[in-house]
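Trainee: Okay, structure incoming, though there's no sequence with it:
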């Protein structure tokens, strides 16, 4: 088996947040403002922001967002207001984010 | 805003893998065998295994799986064959996994 993502078409942007549980509510409020910006961008399809049930989880928040293409993600996230909001959150909270663009290589339903 | 996951109902199991790009194909083959075990378990709904488009991404693989409940996830992942396979992968590959159970706190579609 040599599973490779296909070269074109829809992508999934996943961002994993390493953040203290105590900061979650305030960080999520700022994140929601950024999500509102992203929703208006060309190529946006959907997002889910997931929060861990346990405060012991290493990554308390995970964003999974669908976009039309990798190019659409890059164009949207280069927005100056968006980047300024990220800088504000980075200064305000002790947070590490690990964003990347993905495609499904395996999938199944029950 | 104080976004909290709801207390019952379906959950999303997310596992983030920190693994060398060179190991991806072999690791994914073993992962697929484990996924086949999980598909047969009570409460399993669906999974997607996502692979990063860039080999520079910190987390090359992300599994997003839907289950009926947190209890279903715990029961399924306690399977001895499943745990033995995880130990085999941990011994064979330089991989760190960060599994946790989540619920969506924010979501939107285009």
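Mentor: Great, that's in hand. Bear in mind the structure is a predicted one, so any value in this text is a computation, not a measurement.
Trainee: And stretch A:55-74, end to end?
Mentor: 32 Å (C-alpha to C-alpha, to the nearest Å).
Trainee: Are that stretch and chain B in contact anywhere?
Mentor: Yes: applying C-beta under 8 Å from any C-beta of the partner chain, one finds stretch A:55-74 touching chain B at A:57, A:58, A:59, A:62, A:64, A:70. Just so you know, the C-beta spots here come from the backbone N, C-alpha and C atoms, and that holds for glycine as well.
Trainee: For the helix or strand containing the fourth one, give me every contacting residue.
Mentor: Using DSSP states H and E, residue A:62 maps to strand A:61-67. Counting contacts by C-beta atoms under 8 Å, 6 or more residues apart in numbering or on different chains, the residues outside strand A:61-67 that touch it are A:10-17, A:19, A:24, A:27-28, A:31, A:38, A:43-52, A:73, A:76, B:14, B:16, B:64, B:102.
Trainee: give me that answer again for 7 Å
Mentor: A:10-17, A:19, A:24, A:43-51, A:73, B:14, B:64, B:102 (C-beta atoms under 7 Å, 6 or more residues apart in numbering or on different chains).
Trainee: same for the very next helix or strand once past it, what does it pack against?
Mentor: With elements assigned by DSSP H and E, the helix or strand that comes after strand A:61-67 is helix A:70-77. When contacts are defined as 3 or more C-beta pairs under 7 Å, 6 or more residues apart in numbering or on different chains; DSSP states H and E, helix A:70-77 sits against strand A:11-19.
Trainee: strands paired with the strand holding residue A:62, and their directions?
Mentor: strand A:11-19 (antiparallel), strand A:44-52 (antiparallel) (DSSP bridges).
Trainee: circling back to that earlier point, among the residues of stretch A:55-74 next to chain B, name the buried ones.
Mentor: Buried subset of the residues of stretch A:55-74 next to chain B (neighbour count, 16 or more other C-beta atoms under 10 Å in any protein chain shown): A:57, A:59, A:62, A:64, A:70.
Trainee: now what about the top strand by length along chain A, what contacts it?
Mentor: Longest strand in chain A, counting residues (DSSP state E): strand A:95-109. With contact meaning C-beta under 7 Å, 6+ apart, strand A:95-109 is reached by A:3, A:5-6, A:11-19, A:27, A:70, A:73, A:89, B:28, B:32, B:35, B:39, B:46-54, B:57-59, B:62.
Trainee: now swap in stretch A:76-84 and tell me
Mentor: By C-beta under 7 Å, 6+ apart, stretch A:76-84 touches A:34, A:37, A:38, A:41, A:43, A:44.
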